[in-house]
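> pasting the structure only:
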């Protein structure tokens, strides 16, 4: 069986955009089938998240504490979660998500750009053509 090449997505909001490289996981496959999508950004500490309309199960390797710039899928809220620093439940400087999330991949550049996202901003996610 041929392995999939990593998929790249672009996440855009009024003040900027980032690209992310996603691993080939069941959640990534479900998400990319739903692209492009538009949503409304929510902020929670130094995390941006937004609903995707995609509903998937929590994967066995889901994690709650992740590195800044991790692209995670919050199964409890059908949302992409993009942490770039501490959240209200973090211990110290860690990125602690609301609950264990499926890990999809990583942002390709500085996750601190997410600090320019405002709660309520429109967000668009689309595949980047290879």
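Perfect, I can see it now. Worth saying up front: this structure is predicted, and the values here are computed from it rather than measured.
> direction included, what does the helix or strand harbouring residue 101 pair against?
For residue 101, the element it lies in under DSSP states H and E is strand 95-107. Sheet pairing of strand 95-107 (DSSP bridges) gives strand 16-22 (antiparallel), strand 63-66 (antiparallel), strand 70-74 (antiparallel).
> could you dump those strands to JSON lines with distance to residue 81 and mean neighbour count?
No exception for glycine: its C-beta is placed from N, CA and C like everyone else's. Shown next, in JSON lines, are the strands paired with strand 95-107 (distance: least, Cβ to Cβ, whole Å; neighbours: other Cβ atoms under 10 Å):
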{"stretch": "strand 16-22", "distance to residue 81": "12", "mean neighbour count": "18"}
{"stretch": "strand 63-66", "distance to residue 81": "9", "mean neighbour count": "16"}
{"stretch": "strand 70-74", "distance to residue 81": "4", "mean neighbour count": "24"}
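> residue 30 is nearest to which of those?
When the strands paired with strand 95-107 are compared for distance to residue 30 using Cβ to Cβ, the nearest one is strand 70-74, at 8.8 Å.
> which residues touch that closest one?
With Cβ atoms under 8 Å, 6 or more residues apart in numbering as the test, strand 70-74 has contacts from 20, 22, 27, 31, 49, 52, 54, 56, 63, 66, 79-83, 95, 97-99, 101-107.
> so which of the strands paired with strand 95-107 gets nearest residue 87?
Nearest to residue 87 among these is strand 63-66; the distance by Cβ to Cβ comes to 10.1 Å.
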